[in-house]
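In: could you work out the structure for the sequence below:
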Amino acid sequence: MATITLDRPDRLNAFTPKMAGELVDAFDLSDADDSVRGVVVTGRGRAFCAGADLSTGGRTFDLSGVAKQAASGDGPVSRWGIVGEGDHAAPADLGGAVVLRIHRSLKPVIAAVNGPAVGVGLTMTLPMDVRLVVEGAKLGFVFNRRGISIDGAASWFLPRVVGISTALEWVNSGRIFGPEEGHAAGLFRTVYENRDAVVEAAIELVEEIAEHTPAVSTTVSRRLLWDAMAAGGPEEAHRRESLALLRRGQSADAREGVTAFIEKRSPQFPDRVSDSVEVSDPPR
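Out: Reported below is the predicted structural model:
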């Protein structure tokens, strides 16, 4: 298991370009390590992430200079580049870059929201597999109240997690809401009484996955589920699943899983994500 901890407690773990790069790098490392069966993301101190760092004041979200840097390849933002073309080109949203990297994770990702999570601090949790939260955490998609618009590909993820009506209410109002409301809407699986309990539950969930499932099956199934969210219909999902089943059914993992079940023992799954053709060439 890997734990990624947002570590700017003096700023309530506010999001910066440096943090964006470090998060992407951390997920690159977790994907490359076969000993990592899942990732827990949490924050140090009393917050998960208070959204964008606003210490630069009223021009925090003015990206005109960033656009020039990204286009020229200069500065730290050049890593993310430009999306779109012509009059519709813009510097890539860093929250979105992080969200898309989490979305592509080869390992399950659990959000242990240990305190306030607003703005990008909340949108970054949307592509995570399961979200757990502590009682009393202040939550909100506050972008409109700051005079901007949503980030982190939330226009795609949020309605799929909580439904379009709730997504529209939360985003349009930009209001702060509590864990209980988030839980009722399906944003969070469970609300816990303290920060330690949230992290402990996230770790236990990763350990349960690692104990009972093979790594390659978890990766393949995670991708099938996410891809089906954007699929043209059940027929396309059926086609992808059929190919995945053909490949998985011939694997050493499948032989071991059935044999261990028949022999009433714990399985020892041998296949690895790092050298799996099923992972490197997923069903399309």
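
In: the strands in the chain, which residues?
Out: Ranges of strands in the chain, per DSSP state E, are 2-6, 39-43, 82-83, 90-91, 109-113, 117-118, 130-134, 139-140, 190-192.

In: what's next to the second one, contact-wise?
Out: Residues outside strand 39-43 that contact it (CB atoms under 8 Å, 6 or more residues apart in numbering): 1-7, 9, 13, 27, 30, 48-49, 105, 107-115, 124-125, 128, 198-199, 202-203, 206. Where you see a C-beta, it was placed from the backbone N, CA and C, and this is true even at glycine.

In: and the angle for that strand with strand 130-134?
Out: Our comparison of strand 39-43 with strand 130-134, counting by axes from the mean of the first three to the mean of the last three CA atoms, to 10 degrees, yields an angle of 30 degrees.

In: partner strands of strand 39-43, with direction?
Out: strand 2-6 (parallel), strand 109-113 (parallel) (DSSP bridges).

In: what average pLDDT does that strand get?
Out: Averaging pLDDT along strand 39-43 yields 98.

In: hey, C-alpha coordinates of it in PDB?
Out: Included here for strand 39-43 are C-alpha records, laid out as PDB according to Å, rounded to 0.1, in the frame of the first residue of the first chain:
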ATOM      1  CA  VAL A  39      -3.200   4.100  -2.700                       C
ATOM      2  CA  VAL A  40      -4.600   6.100   0.200                       C
ATOM      3  CA  VAL A  41      -4.700   9.900  -0.300                       C
ATOM      4  CA  THR A  42      -5.100  12.100   2.800                       C
ATOM      5  CA  GLY A  43      -3.900  15.400   4.200                       C
END
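
In: residue boundaries of the helices in the stretch 101-250 of the chain?
Out: Secondary structure of the stretch 101-250 of the chain (DSSP state H, counting those that start in this stretch): helices at 120-123, 154-162, 164-173, 179-184, 195-212, 215-229, 234-249.

In: ranking helices and strands of the chain by mean pLDDT, which lands last?
Out: Among the helical and strand segments of the chain, the one scoring lowest on mean pLDDT, DSSP states H and E is helix 64-72, with a mean of 61.

In: and A252, what is it in contact with?
Out: In this structure, A252 makes contact with F269, P270, D271, judged by CB under 8 Å, 6+ apart.

In: list the residues that contact the first one.
Out: Contacts for F269 (CB under 8 Å, 6+ apart) come out as T213, P214, A215, V216, S217, A252, D253, E256, G257.

In: give me the distance between the first one and S173.
Out: According to CB to CB, to the nearest Å, T213 stands 40 Å off from S173.

In: who has more neighbours, these two?
Out: A count of neighbours by other CB atoms under 10 Å puts T213 above the other of T213 and S173, at 17 against 14.

In: if I look at the closest residue to that one other than its chain neighbours, what pLDDT would I see?
Out: The shortest distance from T213 to any non-neighbouring residue, by CB to CB, 6 or more residues apart in numbering, is to F269 (7.8 Å). Taken from the predicted model, the pLDDT recorded for F269 is 97.
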